[in-house]
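# Following is a predicted model, sequence given first.
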Amino acid sequence: MAFKLRVFASLAGYRPSWLRADIGAGLAVAAVGLPSAIAYPAIAGLPPQTGIYASIVPMVAYAFFGPSRKLIVGPDAAIMTVLAAAMTAAVASVPGGLGISPSSLAATLAAGAGIVYLLAWALRLGVIASFLSRPILVGFFTGISLSILIGQIRRITGVEVESGGLLRPVAELVAKSAMIHWPSVALAAAMFAVLQVGRAVRLPLPAPVLVLLLSIMLSAGLDLHGHGVAIVGEVPSSPPQFMLPRFDVLPLQTLVLGSAAIFVVSFGSGIITARSLGALSGETVEPNRELVGFGAANIAGGLFGALPVGASDSRTAVNIGAGGRSQVASVVAAATLLSTLMFLGPALRIIPIPVLGAILVSTAIGLIDIRALRRLWRLSRMEFAFAMIAMWGPIGLGVLTGVLIAAAATLIYILRRTMFPRDAMLGRVPGREGFYKLHHTAQARPVAGLAIFLAQGDLLFFNADYMLARLHATATELPRGTRWLVIDAGAMSQIDSSGADILLEFARECREHGPRLALAELHAEARKMLERGGVIECVGADMVFEVLDDAYRAFVADYRESRLTDWRGSRRGAGSRLPGTAISSQT
């Protein structure tokens, strides 16, 4: 019963007063979604109806299974690029041919991606959203957008370009410039200009819708097809038909890799859209529940001949702007697109292909976040470098390999930030409580005879050797007369067996050559690991302190006791007084 309530979470508490706003928002979403639904399938070499199907069934499925009231799913340019690469790999994996149509193959991969979503949900892997680095996604989508731009050369110019990469296709186009169909180029340029004007000026209709209407009128009135301009062609007017995915015709490795690649890209972009929506509307984004919604949308789409889908930022923005209150807007949009498919098919068939190319070029340019790249360059050259690596992958090595490179770059980026944890030496500020980093606080002074080493990161197998080297370097640089070395482990939330081993080695060295080693601020789990590893026994339970202040007070007491003993032993000879200022001056 609890699961059933979760299924209908986006419709729970629906109020009749919301219906009017949802109907208006649904119509607006359908109007904006229709051009992309027709254009995006071309990226994967698929007929337009597959994109319209992907804008009908998945939206209804997400309305029932998704957690968000306002998020809209649909085809996405980046997902289409990955789909195209996965389809190419699938066809190449079976020398004799798959024996199914490209549309059926796309639907099968959509269902496969949906299953990966549900497996990720069952394993509670929504947490991976936290590991999808925004800089790397910015770079990856920039690479995807450049790949889309290159892919529109044939649609806009009519020239078949076979080269890959970024510059070689342009060089090939220049070499074949005599074959360019200039009326197609002029039409695409004009429609692209309308799209850009529509971005800058509030038009009565959304710019993509206006472009479609203009292109249909021009195509019909000027017989563009008769003048050599390619058109969409036959568009079936039948509604989506139920079909079983053809998992049996694909090699398992090809199916898994293709589905996983679609999952990574769609979830990466989708969760960013969901979080942006949450920031605007105040909705709480739960990645694990989004996995269910996206998974259901893709499986449902795959069962009805649709493309893989993800969260659509443009449709979601239109839904919010039009005042949509719930997923009823998605249902209205789906019904509107279904009606368009069934009753306006003849108008859709004469849409010029160069116009679809112009829409895709405009979309691809919108994916390039120049502002984010500039900000990365200004804030962190390292993160900018990782973004460039992720960008280069789809362009230089293909989209599927680019997905792997982006994922690998994310892992390397995370490891790079944790392999070399920062550290600092702490001291006291006269007249103030607490401890301060010596390099950060100018007034801070080291405590005579006491060194406090702050390790600012977990101690795990991949950084254990580095941390041991830092401890050795610190011990070597300690001033003469240092009696205690305290490791402040407050930032070490995790210590594994390798970390315990290096601490044991260092503790033994300190026990033989000094200074006395102490540990402070240990977390419970970390302390258990050090107890099992023999570190606590080597250091001594009396040298392990709950808080750093306890370690400091114990050192002061030990220091004064040792000086008192020295004074008593030397009193007969020199008549010295007990020096009490060496410590008190630091407090």
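Received it, and whenever you're ready, just let me know what you need.

# any idea which element the closest residue in space to Ile405 that isn't next to it in sequence lies in?
By the measure of Cβ to Cβ, 6 or more residues apart in numbering, the closest residue to Ile405 outside its immediate chain neighbours is Gly393, 3.4 Å from it. No exception for glycine: its C-beta is placed from N, CA and C like everyone else's. Using DSSP states H and E, Gly393 falls within helix 381-397.

# any idea which helix or strand comes after that helix?
Per DSSP H and E, the first helix or strand lying C-terminal to helix 381-397 is helix 399-419.

# List the buried residues in the very next helix or strand once past that next one.
Going down the chain from helix 399-419, the next helix or strand is strand 422-427, by DSSP H and E. Across strand 422-427, burial judged by 16 or more other Cβ atoms under 10 Å covers 423-427.

# thinking again about what came up before, residues in contact with the residue nearest to Ile405?
140, 143, 401-406, 409 (Cβ atoms under 8 Å, 6 or more residues apart in numbering).

# Among the residues you listed, which one has the most neighbours?
Phe140 (33 neighbours; other Cβ atoms under 10 Å).

# now the angle from the helix or strand harbouring that one to helix 381-397?
According to DSSP H and E, Phe140 maps onto helix 134-151. Comparing the axes of helix 134-151 and helix 381-397 via axes from the mean of the first three to the mean of the last three Cα atoms, to 10 degrees yields an angle of 30 degrees.

# what about dumping the CA coordinates of the helix or strand following helix 134-151 to CSV?
Under the assignment DSSP H and E, the closest C-terminal helix or strand after helix 134-151 is helix 153-157. Provided in CSV are the C-alpha atoms of helix 153-157 (Å, rounded to 0.1, in the frame of the first residue of the first chain):
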residue,chain,number,x,y,z
ILE,A,153,25.8,19.4,-42.3
ARG,A,154,23.9,16.9,-44.5
ARG,A,155,20.4,18.1,-43.5
ILE,A,156,21.2,21.7,-44.1
THR,A,157,23.4,21.5,-47.2
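
# which strands and helices sit next to the helix or strand just after helix 153-157?
Towards the C-terminus, the helix or strand next in line after helix 153-157, according to DSSP H and E, is helix 168-175. Counting by 3 or more Cβ pairs under 8 Å, 6 or more residues apart in numbering; DSSP states H and E, the packing neighbours recorded for helix 168-175 are helix 153-157.

# what mean pLDDT would you report for the helix it packs on?
Per-residue pLDDT over helix 153-157 has a mean of 89.

# Centre of the chain to it, how far?
32 Å (Cα atoms, centre = their mean, to the nearest Å).

# Pro245 contacts Leu303, doesn't it?
Yes. Applying Cβ atoms under 8 Å, one finds Pro245 in contact with Leu303, separated by 7.2 Å.

# got any residues that touch both of these two?
Common contact partners of Pro245 and Leu303 (Cβ under 8 Å, 6+ apart): 107, 111.

# ok so, going back, which one of the contacts of Gly393 sits closest to Ala110?
Each of the contacts of Gly393 was checked against Ala110 using Cβ to Cβ; the closest is Val403, at 16.4 Å.

# Determine the number of other residues adjacent to Arg246.
For Arg246, the tally of surrounding residues (other Cβ under 10 Å) stands at 17.

# I'd assumed Ala106 was in contact with it.
No. Under the criterion of Cβ under 8 Å, Arg246 makes no contact with Ala106, lying 10.9 Å away.

# what about Thr340, how many neighbours?
Neighbour tally, Thr340, other Cβ under 10 Å: 21.

# ok, and for the helix holding Gly393, which residues are buried?
With burial defined by 16+ other Cβ under 10 Å, the residues of helix 381-397 counted as buried are 383-395.

# Columns distance to Pro308 and pLDDT on top of these, output as CSV?
Conversion of the buried residues of helix 381-397 to CSV gives the following (distance: Cβ to Cβ, whole Å; pLDDT from 0 to 100):
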residue, distance to Pro308, pLDDT
Glu383, 29, 83
Phe384, 30, 87
Ala385, 30, 85
Phe386, 26, 80
Ala387, 25, 83
Met388, 27, 86
Ile389, 25, 82
Ala390, 21, 79
Met391, 22, 84
Trp392, 24, 81
Gly393, 20, 75
Pro394, 17, 74
Ile395, 22, 75
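
# Sweet, I'm off.
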